[in-house]
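Participant: coordinates only, sequence not included:
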């Protein structure tokens, strides 16, 4: 994969998307799926086919739109959002595309503080792209950051950039990412690892699960950049077993990235190689602490241990999603 090839894939996908006058986005994240969003998408697809609209209208399954309590959620390409949509509403949703009059009893206001005060960064693609298609991610400028890092920057420059950005971990400690990366980069070890801790041990927590389900390639790209910066060649995503949808989409994303040469050996024609594997956790709050997490990744009991007991892991970067 070269920068030119990546740009060609992005342009091809954008051109394919531009052919459709109307696009109906249906949330297929866990919360909306649990209230029947897949049936809604199937009904919309059937209705489009029956009307013969396939050349200018399509549906797209997308990640979380944020207002989970009002699902299933559906958005139209002109910005209209519908809430609590049922499969029986498929015809009137499509009618509103041609009439340009929203379906009043389904309309969901988007000018409320819940939406207006948000500035999405990590979740900027959620609700916009299909999480099971790498082409969608690439069309949204995905893997451009990785390409820039591998072709234009040294590992030290990457760490300096992350340090200047002020980026911090999303766990309770808020540890500076640049400092953590620089420590691992300086460590002397034959083998270094990057571990993404997506276990989410806090009761009711949902932030890791949301990004894994809605934009898994963003997590993979972030791990690739971190691995290049610190000199790691292997990575693990630690995710709890009761997140089946996140696991399914991560597995799909890893296979897609490998197929395109964005994971594996000699990535993008460079000497950088990196592989990612999943490790499923049983759900342990203590795994928020990195030594307990590493023990669990190794298949041992998840408990906090002293650093001297895990010397061979000293070249390990643990990132809190």
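Facilitator: Here it is on my side, so go on. Given the structure is predicted, the values throughout are model-derived calculations rather than measurements. Numbering: from 1, shown residues only.

Participant: what's the nearest residue to the spatially most central residue of the chain if we skip its chain neighbours?
Facilitator: Centroid check for the chain by Cα atoms, centre = their mean gives residue 215 as the closest residue, at 2.3 Å. Of all residues not flanking residue 215 in the chain, residue 125 sits nearest, at 4.6 Å (Cβ to Cβ, 6 or more residues apart in numbering). For every residue, glycine as well, the C-beta is placed using N, CA and C.

Participant: Let me know the pLDDT of that neighbour.
Facilitator: Residue 125 is assigned a pLDDT of 95 by the prediction.

Participant: so where is the protein shaky, pLDDT-wise?
Facilitator: Counting by pLDDT under 70, the ranges of the chain that qualify are 171-172, 201-204, 306-321.

Participant: can you give me the strands in it?
Facilitator: 22-27, 57-62, 74-76, 81-82, 193-198, 234-240, 275-281, 316-320 (DSSP state E).

Participant: For the second one, which outside residues touch it?
Facilitator: Strand 57-62 is touched from outside by 20-28, 41, 44-45, 48, 94, 97, 126-132, 214, with contacts defined as Cβ atoms under 8 Å, 6 or more residues apart in numbering.

Participant: try 6 Å
Facilitator: The contact list for strand 57-62, computed with Cβ atoms under 6 Å, 6 or more residues apart in numbering, reads 20, 22-26, 28, 41, 44-45, 48, 127, 130.

Participant: That one: partners in the sheet, and parallel or antiparallel?
Facilitator: strand 22-27 (parallel) (DSSP bridges).

Participant: do the third one as well
Facilitator: The strands that strand 74-76 pairs with in its sheet are strand 22-27 (antiparallel), strand 81-82 (antiparallel) (by DSSP bridges).

Participant: Can you tell me which of the ones you listed is nearest to residue 291?
Facilitator: strand 22-27 (37.5 Å; Cβ to Cβ).

Participant: what about the closest one, distance to the chain center?
Facilitator: 19 Å (Cα atoms, centre = their mean, to the nearest Å).

Participant: How many residues are close by the nearest residue to residue 269 once chain neighbours are set aside?
Facilitator: Closest residue in space to residue 269, ignoring its immediate chain neighbours: residue 2 at 6.4 Å, by Cβ to Cβ, 6+ apart. The local packing of residue 2 (other Cβ atoms under 10 Å) involves 12 other residues.

Participant: Could you check how far residue 2 is from residue 228?
Facilitator: Distance, residue 2 to residue 228, by Cβ to Cβ, to the nearest Å: 17 Å.

Participant: Same check on residue 142?
Facilitator: Taking Cβ to Cβ, one finds residue 142 at 16 Å from residue 228.

Participant: next one: residue 77
Facilitator: For residue 77, the distance to residue 228 - Cβ to Cβ - is 36 Å.

Participant: same thing with residue 63?
Facilitator: With Cβ to Cβ as the criterion, residue 63 and residue 228 are 26 Å apart.

Participant: Specify which residue of the two has the higher count of neighbours.
Facilitator: The neighbour count for residue 63 versus residue 228, taken as other Cβ under 10 Å, is higher for residue 63 (27 against 22).

Participant: residues touching the more buried one, list them.
Facilitator: So residue 63 contacts 29, 126, 127, 131, 214 (Cβ under 6 Å, 6+ apart).

Participant: rewinding a little: is there a neighbour count for the residue nearest to residue 215? I'd like the number.
Facilitator: Neighbours of residue 125 using other Cβ under 10 Å come to 22.

Participant: got it, and the one 10 residues further on?
Facilitator: Neighbour count of residue 135, defined by other Cβ under 10 Å: 19.

Participant: and if you look at residue 28?
Facilitator: Neighbours of residue 28 (other Cβ under 10 Å): 24.

Participant: correct me, but residue 284 touches residue 301?
Facilitator: No. Between residue 284 and residue 301 there is no contact under Cβ atoms under 6 Å: 9.3 Å.

Participant: now residue 61: how far from residue 54?
Facilitator: From residue 61 to residue 54 the distance is 17 Å (Cβ to Cβ).
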